[in-house]
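1. Here you go, sequence then predicted model.
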Amino acid sequence: RTAAAVAAQQAAQAAARAAAAANGAGVPDGLTPGGLWAAEGALAKWEGAKTPQKSVADGRQVVTIEQTQSRAILNWETFNVGRDTTLQF
């Protein structure tokens, strides 16, 4: 049963990748509006985690968020992970 659930999830991910590649419309990479972008103004809430850090490794944008408490609340304006972005929690 577990193997079937994992296989189903992998198939769903493969289908999503194929659909994204066929669409041609890209999601911005890294910490940027339209990609990974924390909420601002009245909607801003960032508790229990450090500010996202960005770096580049092997041509990919790497965004790292370190959680500092057992419970974190992170409000995002957009939470879209681009094709060449790696998000690490």
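-> All right, it came through fine. Residues are numbered from 1 along each chain as shown.
2. Which pLDDT value belongs to the residue nearest the centre of the chain?
-> Among the residues of the chain, Val81 comes closest to the average C-alpha position under C-alpha atoms, centre = their mean, at 4.0 Å. Model confidence at Val81, given as pLDDT, is 92.
3. go on, Ala15?
-> With respect to pLDDT, Ala15 scores 82.
4. With Gly24 instead?
-> Note on Gly24: pLDDT of 57.
5. and the helix or strand bottoming out on mean pLDDT in the chain, C-alpha only, in CSV?
-> Every helix and strand of the chain was ranked by mean pLDDT, DSSP states H and E. The lowest is helix 2-23, at a mean of 81. C-alpha atoms of helix 2-23 as CSV (Å, rounded to 0.1, in the frame of the first residue of the first chain):
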residue,chain,number,x,y,z
THR,A,2,2.8,2.4,0.8
ALA,A,3,4.6,1.6,-2.4
ALA,A,4,1.5,2.3,-4.4
ALA,A,5,1.0,5.7,-2.7
VAL,A,6,4.6,6.6,-3.4
ALA,A,7,4.3,5.5,-7.0
ALA,A,8,1.1,7.5,-7.4
GLN,A,9,2.8,10.6,-6.0
GLN,A,10,5.8,10.2,-8.3
ALA,A,11,3.5,9.8,-11.2
ALA,A,12,1.7,13.0,-10.2
GLN,A,13,5.0,14.9,-10.0
ALA,A,14,6.1,13.6,-13.4
ALA,A,15,2.8,14.7,-14.9
ALA,A,16,3.1,18.2,-13.3
ARG,A,17,6.7,18.5,-14.7
ALA,A,18,5.6,17.5,-18.1
ALA,A,19,2.6,19.9,-18.1
ALA,A,20,4.9,22.8,-16.9
ALA,A,21,7.4,22.1,-19.6
ALA,A,22,4.7,22.0,-22.3
ASN,A,23,3.1,25.2,-21.0
